[in-house]
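Colleague: following is a predicted model, sequence given first.
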Amino acid sequence: MAEEVRALQEEHVPMISRIAISAGDAATAILQSLAATGALTYYFVNLRGLDSKLAGIVWLLFGIWNAVNDPIFGYISDRTKSALGRRIPYIRYGAPIFVLGFIFFWIVIPGTDGSQTLLFLQLLLGLFVYDILYTAIATSFWVMPYEVAVSNKARSTIYVWKILFMVFTLVVPFAIEATIKPEVGDLAGIERFRWVMIALGVAMGLIIFFSTFFFKEKKFAQQEEQFEFIKSFVECFRNRSFVVFEVLSFSIMFAQTALMTGIWYYFDVVGMPRGVLLPALAAGIVAGVVAWISLRDRLGVKRCTQIFTLLFSLGCGLLVFLGRNVPVAIVGFFLLGIGFSGGMYLIPLMNGDVVDWDEHVTGLRREGMYAGINSFITKPAISLGAWALLAIMRAYGYNQALPAAEQTYQAGTGVLVGWAGPTGVLMFLSFISLLFYPLAGAEWERIKAHLAQVHEEKERAYLSSLGYKAD
């Protein structure tokens, strides 16, 4: 057992691989943060005039599409066999099409101006096409750390880099909102905004494409015979840790969508100062990352996750009820930052444990199927997050045809409630659900150590089958 634990602790991922995985993942997330949250909704609703009710319908239909799209791709990727591995081909060759899908959002198609039907169709079709490639690329990046490492210590070295790069996924939308976001009727500003989005799409696509030349997958997993689709789907839900994890995963995805979309309205309609609140958010993220890294081994992933969900919920509550008070909002933003850091660092570690438990039970590595079903469950949270925010704002009297300065006080209250209220409730429910999460303690660490040894043996056997000398 001592040898197993030593093997687990000494697992290592090269620095260049950690950076490449993190940079490509962040580039994908930056485009998604603009397409699935504030910028795209603001562009179609406020700048191009799509009715907010129709925009809400688009997001709901989009969620239904994801119920079909993601599990199927996860299943296919688990069964993919290629010289590059199971995931890299989808990233490398999907990146150009992914970028074209993103660019499609920002093109003004002749005849669409003034047509609710055509604007509705452009947004709907664009989301459908874009998301096929987003699913392929994001799912592949999501599971890549599990392809290259088993121990939380080794995976953690990847996630630290991911968090460093993921700061840009928060900074870029905020920077765009604060600098080049055009007001209603600003034709020159809208044109500039469109071209910045297109240029950003091209730049991120190049990062995604070239990142794949700096990391390699282990190949033994693609030699395993996977379950058929129905059995593979069902086996995931027999994993109790996965069911509990999905409550949290859904809540995090909802939070990211609602908060990143709503913050555009929060600063404008409620009139809060960006200069003090955004630094508080950044400080919370930094403090959270430092805390989770130092506490991960001492308290365990489960306990740390419970702490951050409770603090996240508290921060949302402060903003719902006292979000117009600047000192209180500073505290709320700091707690949101701690919540975001937990979502970026602890959630992937927990997801890796869920997949490892499945391998312990079934003997197969099925990261793709788990990622696909996770998307099947959480992608609707993107739609619901955007829809709920818009619906609550409308209920409080928000008028999309008016500039921010002309919105009523009550509309500002609707922004506060729709922005942080549902997220606060979901994060508290996640805190409760984690009481039933089973993967923690000494026995689980022993299982993880054994899996590390199994992976070494499988990799050695695979290399030997190709005629290579295994060390």
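Modeller: Ah, there it is. Numbers count the residues shown, from 1 in each chain.

Colleague: quick one: low-confidence ranges for the stretch 151-300 of the chain?
Modeller: Within the stretch 151-300 of the chain, the segments meeting pLDDT under 70 span 151-152, 177, 219-223.

Colleague: one more pass at 50, please.
Modeller: With pLDDT under 50 as the threshold, the stretch 151-300 of the chain has no low-confidence stretch at all.

Colleague: for the stretch 1-150 of the chain, same thing?
Modeller: Along the stretch 1-150 of the chain, the parts satisfying pLDDT under 50 run over 1-9.

Colleague: measure Asp268 to Ala188 for me?
Modeller: Using CB to CB, to the nearest Å, one obtains 19 Å as the distance from Asp268 to Ala188. C-betas here are computed from N, CA, C, even on glycine.

Colleague: with neighbour numbers in mind, choose between these two.
Modeller: Neighbour count, other CB atoms under 10 Å: between Asp268 and Ala188, Asp268 has more, with 19 against 8.

Colleague: nearest residue to that one in space, please, no chain neighbours.
Modeller: Sequence neighbours aside, Ala404 is the residue nearest to Asp268 in space, at 3.6 Å (criterion: CB to CB, 6 or more residues apart in numbering).

Colleague: could you do Pro273 as well?
Modeller: Leaving aside its chain neighbours, Pro273 sits nearest to Val326 (6.7 Å; criterion: CB to CB, 6+ apart).

Colleague: and the one you found, how many neighbours does it have?
Modeller: Val326, neighbours per other CB under 10 Å, totals 12.

Colleague: give me the distance between Glu246 and Arg240.
Modeller: Look at Glu246 and Arg240: by CB to CB, they are 11 Å apart.

Colleague: these two - which one has more neighbours?
Modeller: Looking at Glu246 and Arg240 with other CB under 10 Å, you find the greater number of neighbours at Glu246, namely 20 against 14.

Colleague: which SS class is the closest residue to that one other than its chain neighbours?
Modeller: Nearest residue to Glu246 in three dimensions, chain neighbours excluded: Ile377, at 5.1 Å (CB to CB, 6+ apart). Classification of Ile377 by DSSP: H, G, I helix; E, B strand; the rest coil places it in helix.

Colleague: verify the stated contact: Ile377 with Val247.
Modeller: No - using CB atoms under 8 Å, Ile377 makes no contact with Val247, being 9.3 Å away.

Colleague: next structured bit after the top helix by length along the chain?
Modeller: For the chain, the helix with the greatest residue count under DSSP state H is helix 274-322. Using DSSP states H and E, the helix or strand that follows helix 274-322 towards the C-terminus is helix 326-362.

Colleague: by how many degrees do that next one and helix 274-322 diverge?
Modeller: Computed with axes from the mean of the first three to the mean of the last three CA atoms, to 10 degrees, the direction of helix 326-362 lies at 80 degrees from that of helix 274-322.

Colleague: same question for helix 326-362: list its buried residues.
Modeller: Neighbour counts over helix 326-362 (16 or more other CB atoms under 10 Å) mark 329-359, 362 as buried.

Colleague: ditto for stretch 190-209
Modeller: Within stretch 190-209, judged by 16+ other CB under 10 Å, the buried ones are 190, 193-194, 197-198, 200-201, 204-205, 207-209.

Colleague: circling back to that earlier point, could you check how many residues crowd around the residue nearest to Asp268?
Modeller: Under the neighbour criterion other CB under 10 Å, Ala404 is assigned a count of 18.

Colleague: ok, so what distance separates it from Tyr396?
Modeller: When CB to CB is applied, the distance between Ala404 and Tyr396 equals 15 Å.

Colleague: for Lys218, see how far away the closest residue to Leu277 other than its chain neighbours is.
Modeller: Nearest in space to Leu277, with sequence neighbours left out and distances taken as CB to CB, 6+ apart, is Phe333 at 4.8 Å. Here the distance between Phe333 and Lys218 works out to 41 Å (CB to CB).

Colleague: start to end distance for stretch 433-449?
Modeller: In terms of CA to CA, to the nearest Å, the two terminal residues of stretch 433-449 are separated by 27 Å.

Colleague: chain center to that stretch: distance?
Modeller: Computed by CA atoms, centre = their mean, to the nearest Å, the separation of stretch 433-449 from the middle of its chain amounts to 24 Å.

Colleague: okay, now Leu416: neighbour count?
Modeller: Here the count is done by other CB under 10 Å, and Leu416 has 23 residues near it.

Colleague: who are the packing partners of the helix or strand harbouring it?
Modeller: Using DSSP H and E, Leu416 sits in helix 409-433. The criterion is 3 or more CB pairs under 8 Å, 6 or more residues apart in numbering; DSSP states H and E, and the helices and strands that helix 409-433 contacts are helix 240-265, helix 274-322, helix 367-395.

Colleague: may I see the buried residues of the shortest one?
Modeller: The reference is to helix 240-265. Within helix 240-265, the residues that count as buried by 16+ other CB under 10 Å are 241-265.

Colleague: packing partners for it?
Modeller: Using 3+ CB pairs under 8 Å, 6+ apart as the contact criterion, the secondary-structure elements in contact with helix 240-265 are helix 38-42, helix 152-179, helix 274-322, helix 326-362, helix 367-395, helix 409-433.

Colleague: can you add distance to Ala452 and give those back as TSV?
Modeller: What follows is the helices and strands packed on helix 240-265, written out as TSV (distance: least, CB to CB, whole Å):
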stretch	distance to Ala452
helix 38-42	41
helix 152-179	9
helix 274-322	16
helix 326-362	10
helix 367-395	16
helix 409-433	29
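
Colleague: which one of those lies closest to Phe73?
Modeller: Go through these one by one with CB to CB and the one that ends up closest to Phe73 is helix 367-395, at 5.7 Å.

Colleague: would you mark the buried spots in the closest one?
Modeller: Within helix 367-395, the residues scored as buried using 16+ other CB under 10 Å are 367-390, 392-394.

Colleague: the stretch 1-150 of the chain: helices as residue ranges?
Modeller: In chain order, the stretch 1-150 of the chain shows helices spanning 2-9, 15-35, 38-42, 52-79, 88-106, 116-148, with DSSP state H, counting those that start in this stretch as the criterion.

Colleague: let's have the ones you listed in TSV, adding mean neighbour count.
Modeller: Converted to TSV, the helices of the stretch 1-150 of the chain look like this (neighbours: other CB atoms under 10 Å):
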stretch	mean neighbour count
helix 2-9	14
helix 15-35	22
helix 38-42	24
helix 52-79	19
helix 88-106	21
helix 116-148	21
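
Colleague: of these, which is nearest Thr169?
Modeller: Closest of these to Thr169 is helix 15-35, at 4.4 Å (criterion: CB to CB).

Colleague: show me what that closest one is packed up against.
Modeller: For helix 15-35, where contacts count as 3+ CB pairs under 8 Å, 6+ apart, the packed elements are helix 88-106, helix 116-148, helix 152-179, helix 187-211.

Colleague: got the CA coordinates for that helix in CSV?
Modeller: Output in CSV follows, covering the C-alpha atoms of helix 15-35 (Å, rounded to 0.1, in the frame of the first residue of the first chain):
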residue,chain,number,x,y,z
MET,A,15,4.6,22.1,-17.5
ILE,A,16,4.1,22.8,-21.2
SER,A,17,1.1,20.4,-21.2
ARG,A,18,-0.5,22.1,-18.2
ILE,A,19,-0.2,25.5,-19.9
ALA,A,20,-1.4,24.3,-23.3
ILE,A,21,-4.5,22.5,-21.9
SER,A,22,-5.3,25.5,-19.8
ALA,A,23,-4.8,28.1,-22.5
GLY,A,24,-7.0,26.2,-25.0
ASP,A,25,-9.7,25.6,-22.4
ALA,A,26,-9.7,29.3,-21.5
ALA,A,27,-9.9,30.4,-25.1
THR,A,28,-13.0,28.1,-25.6
ALA,A,29,-14.5,29.4,-22.4
ILE,A,30,-14.0,33.1,-23.4
LEU,A,31,-16.0,32.6,-26.5
GLN,A,32,-18.7,30.7,-24.6
SER,A,33,-18.8,33.4,-21.9
LEU,A,34,-19.7,35.9,-24.7
ALA,A,35,-22.0,33.6,-26.7
